[in-house]
Structure formats: C-alpha cells, structure tokens
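> Pasting a predicted model and its sequence here:
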Amino acid sequence: MNTPGHAVVNLALLGRKDRPELVPAILAGAILPDLAIVAFYLWQRFVEHLPERTIWQVAYFQSAWQPVIDLLHSLPLAALGYAAARLLASAQGGAFFASLLLHSLADLPLHHEDAHRHLFPLSDWRFASPLSYWDPRHYGGVGAAAELLLVAIASAVLWRRHPGPGSRTAVAAVLGLYVVGYVALYLAR
C-alpha cells in the first residue's frame, strides 16, 4: 500500500471526531514504517545516483536498510508497544502502536517480491502474497484497484466525519493524487 493510503485508512478506522488529539499519533504510526523506505530511496537516487529500475529491482533487496524496514513493519514489536501503552494508560501511545499494527496488516496482502518480514526479529519468514499493489506480474492492477477503492471509502468516511474546509481539502488532495497517480501509471504502460 502507498504511504498516503495508510494515513487515510488508519485515520478512518482509528480516528474519532471526539478525540482529535489522537490524530498526530495515528498519522505518525501510519507513516513511520515507510519512512525508512523513503530515506533509502532518496539516498539511492540523489546520493548514489542510481536509476529507478536499479533502485527497486536490485538495491532494495541488497540494502542494509532491510532490517530497519522490517523492524518498522514488525507485528510482534508493534503489539508489544501497544500492550505497553495500554498498561501505561497512554492513549497517544495506544493510537500510535495500533496505527503501526494496522499499517503492517494492510501491507501483508499487497506485497509479493517486496514482502516485509512481519515477524522480525522473531523470524525471517516473509508472506509473499499472490497479490501486489503495484506489480502487474502479480495482479498489480487488481491490487491497485482494491487499494484505490479502500482509500476512496476511507476518504468518504473522513469527509463526513470532518466537515471543516481544511480537513476536506486534505482528504480531497490525497484522493486526487491517488487517482491522478494511478491513471498516469497505467497510461504510461
């Protein structure tokens, strides 16, 4: 799943209109797991000057970033953090770790060759889903359509829940970027 999609879906599922103070924690938990991937990409592209294809087909799989990426997608560590937050009665911590868990669970059915080690550091096992959110060799069109539909539904929930112009502008912008991005991606093929 694309990072903005995690943010929208997690806010729709975990956010509550009467608890706006939890929004930053939910957003942080939705986005944090992918920040190592963003940092990896920026380094490879702008410091190492690698072409896109080399970054995603070679360097990503050989990268020393993999343990960091897998730690940030670790279900056991996120569950442990959530349990600790509950024990400490930290609503912010609970929202953050619940959002981390939801991010990783949403990634499970949408990654094939680029699957994370979701049980790391307890196991190196990877669930290679038959469905990808991007790879046409693994039904990427179906995965992308499913992700787009999920983001559209979550956007509608957020649109109704938060009627303010700032919130609605943000929701419309993310949904618009999704639609334009996927249309451009599939027209380029």
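Alright, I've got the coordinates. Numbering: from 1, shown residues only.
> do you know how far V171 is from Y133?
20 Å (CB to CB, to the nearest Å). C-betas here are computed from N, CA, C, even on glycine.
> Between those two, which is the more surrounded one?
Y133 (25 against 22; other CB atoms under 10 Å).
> Next up, identify which helix or strand the more buried one is on.
Using DSSP states H and E, Y133 maps to neither a helix nor a strand.
> I figured it hits L149, correct?
No. Checked against CB atoms under 8 Å, the pair Y133 and L149 is beyond contact range at 11.9 Å.
> And the contacts of the helix-or-strand element of the chain with minimal mean pLDDT?
For the chain, using mean pLDDT, DSSP states H and E, the weakest element among its helices and strands is helix 165-187, scoring a mean of 79. Residues from elsewhere that reach helix 165-187, judged by CB atoms under 8 Å, 6 or more residues apart in numbering: 2, 4-5, 7-8, 141, 144, 148, 151-152, 155, 158-159, 162.
> Show the low-confidence segments of this structure, by residue range.
185-189 (pLDDT under 70).
> Now do the strands for it: every range, in order, please.
Assigned by DSSP state E, the chain shows no strands.
> Please enumerate the helices of it.
3-14, 23-46, 52-54, 60-62, 66-72, 75-87, 91-107, 140-161, 165-187 (DSSP state H).
> residues in contact with the third one?
Outside of helix 52-54, the residues that reach it under the criterion CB under 8 Å, 6+ apart are Q44, R45.
> how far is that helix from where the chain is centred?
Counting by CA atoms, centre = their mean, to the nearest Å, helix 52-54 is centred 21 Å from the centre of its parent chain.
> and if you look at stretch 23-32?
10 Å.
> buried sites along that stretch?
V23, A25, I26, L27, A28, G29, A30, I31, L32 (16 or more other CB atoms under 10 Å).
> Count the neighbours of the spatially closest residue to the fifth one that is not a sequence neighbour for me.
Pointing back at A28 there. Once flanking residues are discounted, A28 sits nearest to F96: 5.8 Å by CB to CB, 6 or more residues apart in numbering. The tally of other residues near F96 (other CB under 10 Å) stands at 25.
> give the contact list for F96.
A25, I26, A28, G29, G81, A85.
> Out of the residues you listed, flag the one nearest to H103.
G29 (6.7 Å; CB to CB).
> which residues sit in contact with the closest residue to that closest one other than its chain neighbours?
The shortest distance from G29 to any non-neighbouring residue, by CB to CB, 6+ apart, is to S99 (2.7 Å). Neighbour list for S99: N10, L14, A25, I26, L27, A28, G29, A30 [criterion: CB under 8 Å, 6+ apart].
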